[in-house]
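heads up, no residue letters with this:
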C-alpha cells in the first residue's frame, strides 16, 4: 500500500516538475512603431507621429522594432525582420542595433546578404556589383547575444517615400 502511494506521489511530483519546465521558456513579443523624421536646421532629427494622408515623396519614416522577452529563460538566436514597404526605399546606413549587424534581401526574404549584389549586363559582359539600397525589400538582424528574461532590444531602420 505504501508503495502505491509513493509511486503516485512521485508521478504527481514529476508532472509538477515537467509543468514548471514547460513554463520556463522565452516568450518574445515584437512591437513595430513608425515615426516621420523631421530634419531640423541645426542637423538634429525630430520624430513625429505619421499622418499617412500628408506623406509625400522625399519624406523619411523611421521604423523601430522592440523585442521584449517576457519569459523566464533567455531567448537565443533572435532574428527580427522588417519589411521595406512598397513605394519606399531603404535609407542606406540607417539600420542600427546595439549588438547585431543587419542583412538585407532583394527578393522579399528568400536570400540574404550584408551587402546584396546584382548582376548587371554590360557590353563587355556580365558584372556583379553592389545593389542599390533603394532596391532592398526586407531587413533582418541575427542577434548573437541572448535576450535575457525581462530585457528588451531595439532595432531601427529608415525608409524614404518614393
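Right, received. Where do you want to start? Only a predicted model underlies this, so the values are computations on that prediction, with no experimental measurement involved.

quick check: the residue most central in space within the chain vs residue 132, distance?
In the chain, the centroid-proximal residue (CA atoms, centre = their mean) is residue 80; its distance is 2.5 Å. The spacing between residue 80 and residue 132, counted by CB to CB, to the nearest Å, is 24 Å. In this view, the C-beta of every residue, glycine as well, is placed from N, C-alpha and C.

where do the helices sit along the protein?
2-23 (DSSP state H).

okay, now the unreliable bits of it?
1-24 (pLDDT under 70).

name the strands paired with the lengthiest strand in it and say parallel or antiparallel.
The residue-count maximum for a strand in the chain (DSSP state E) belongs to strand 28-39. Here strand 28-39 has these sheet partners by DSSP bridges: strand 45-48 (antiparallel), strand 60-69 (antiparallel).

residue 71 and residue 28 touch, don't they?
Yes: with contact defined as CB atoms under 8 Å, residue 71 counts as touching residue 28 (7.3 Å).

more neighbours, those two?
residue 71 (18 against 15; other CB atoms under 10 Å).

ok, the more buried one - contacts?
Neighbour list for residue 71: 24-28, 149 [criterion: CB atoms under 8 Å, 6 or more residues apart in numbering].

kindly recompute the last result at 7 Å.
25-27, 149 (CB atoms under 7 Å, 6 or more residues apart in numbering).

return the closest of those residues with respect to residue 128.
residue 26 (39.3 Å; CB to CB).

number of residues surrounding the closest one?
17.

thought residue 80 was touching residue 139?
No: the pair residue 80 / residue 139 is not scored as a contact, 9.0 Å apart, by CB atoms under 7 Å.

phi, psi of the residue nearest to the centre of the chain?
phi -70, psi 140 (degrees, to the nearest 10).

kindly report the same for the one 4 residues further on.
Note on residue 84: backbone dihedrals following degrees, to the nearest 10 are phi -100, psi 110.

in the longest strand of the chain, what counts as buried?
35-37 (16 or more other CB atoms under 10 Å).

next one: stretch 36-56
Buried residues in stretch 36-56 (16+ other CB under 10 Å): 36-37.
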